[in-house]
Each structure stands twice: as C-alpha cells, then as structure tokens.
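>>> got a structure for you, letters missing:
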Ligand SMILES: O=C[C@H](O)COP(=O)(O)O
C-alpha cells in the first residue's frame, strides 16, 4: 500500500511531517509520500521522503504567470503529482494536459475523482493512478472505506474496465491503520489522506498507526 499524505494548505510543520514520514517509511518499508505546498517541495524533498506536488499546470515553458510548471516541480525534487483534487478541480482538457505535462517532466501521476464514473474517465487519460474521494467525506474523519465501501470497489472496477495497469487509491476520512487495511481489502493499492496527519498532535504517531494497517 502507498500512503500519500497531502498537506493541503494546513498550518502544519511540513518539515516535521516530512521527516516523520521518511523515518516511518525507512523503518517499515511501507511506501509513504508527502505532498506539500509547491513552495515547500524542495525543503520536503531534501528530507529524503518521497515528495509529490499537489498540482501541476498543463502548460509547457512559456508565458504562463502563476502556473506550476511540471518541470519546476520535478527540479524541486517532486517525483509525482496529484491532479484534479476535489479542492482544485480542472477542466477535462486541462487534466489531460496536466497528465501529459507531468509525464513529460518524469512525474508519476494520480488523478483524483469523486465517484466511479469519473474514475473511469480519469483512467482513460492514462495516469499512473487514480484516487476516488467522495467530497462529502473529506476532512470528516469518517473513512470512505467504512462509510461508502461501494464507491471504492466501484472505482476499482471502473478503472480496471478501462486500463488494468492504473492503480486505484482511495481517500477521505482515512486516519488509522484499520482504515488502511479496509481500503486494501476493498481493492485499493493506496490511500490519500490529509487531516489525519496534518492536524495530528503527533504526526509521527499518526503515520506509524496508518502504516501498521498497510499490507
Ligand atoms: O487529499 C486528501 C483528501 O482530500 C482527504 O482528506 P482528509 O484525509 O482530511 O479527509
């Protein structure tokens, strides 16, 4: 299982989380990634943890003020990127363009989507992974694997129907090792989470609990 921690724009200590995630990954052999703010990519990558961007633009080099260039994220140490997160939705053409931009820069890609139908559409764009997240469960602490298991199995089936090589992650409310185990039992190969670590009093303890459920 891949445990990917999205720090969003939470006021957490990104270096504390990154160092903890690097230690937990080293100690357990479980794949753990951290997706910080774009301005923190380089500092987070310097800790040695697997580092993901929260978004990259569909643009190539050029006159694109305010864009997050895929090559710049890769230069800063990112090895992957989320795309189309529920809090940063893109037009279909821009998701496609961002997947291509990320691939051009050598970044792994995970396209987020709300439900199985969107997961099928996302998988058709050829990312490395898709992540299903019911928006109403994000940040609630109620895990999707418990509240809406059918959305996870539906997403696994929808992605496989399009392209069996696309990994399927699930997210929203994931915060414990039991949640990670439940996600794995439903067919997900990774989890995408945020508040369970970014808002934890002890992020390292939260991460150790999460990875204890990874298979
Ligand atoms: O990117 C992470 C997801 O939106 C899940 O957030 P959450 O773990 O706070 O529910």
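Yep, that arrived. Small disclaimer: the values here were computed from a predicted structure and weren't measured.

>>> Strands of the protein, start to end?
Counting by DSSP state E, the chain has strands at residues 2-6, 31-35, 50-53, 80-83, 108-113, 129-132, 167-171, 190-193.

>>> got the buried residues for the helix or strand of the chain with the lowest mean pLDDT?
Ranking every helix and strand in the chain by mean pLDDT, DSSP states H and E puts helix 144-147 at the bottom, with a mean of 90. By 16 or more other CB atoms under 10 Å, the buried positions in helix 144-147 come out as 144, 145. Just so you know, the C-beta spots here come from the backbone N, C-alpha and C atoms, and that holds for glycine as well.

>>> quick one on the thing from earlier: mean neighbour count, the strands of the chain: which tops it?
strand 129-132 (a mean of 28; mean count of other CB atoms under 10 Å).

>>> Would you state the helices of the protein in chain order?
Secondary structure of the chain, counting by DSSP state H: helices at 14-28, 41-45, 70-75, 92-104, 116-123, 144-147, 149-162, 177-185, 195-198, 203-212.

>>> Can you name the residues of the chain that neighbour the ligand?
6, 85-86, 133, 138-139, 171-174, 192-196 (CB under 6 Å from any ligand atom).

>>> try it again with 8 Å
Within the chain, the positions lying close to the ligand (CB under 8 Å from any ligand atom) are 4, 6, 8, 35, 82, 85-87, 112, 131, 133, 137-141, 171-175, 192-196, 198-199.

>>> The closest residue to residue 106 other than its chain neighbours: how many residues sit nearby?
In this structure, residue 106 finds its nearest non-sequential neighbour in residue 74, 5.7 Å apart by CB to CB, 6 or more residues apart in numbering. When neighbours are counted by other CB atoms under 10 Å, residue 74 registers 20.
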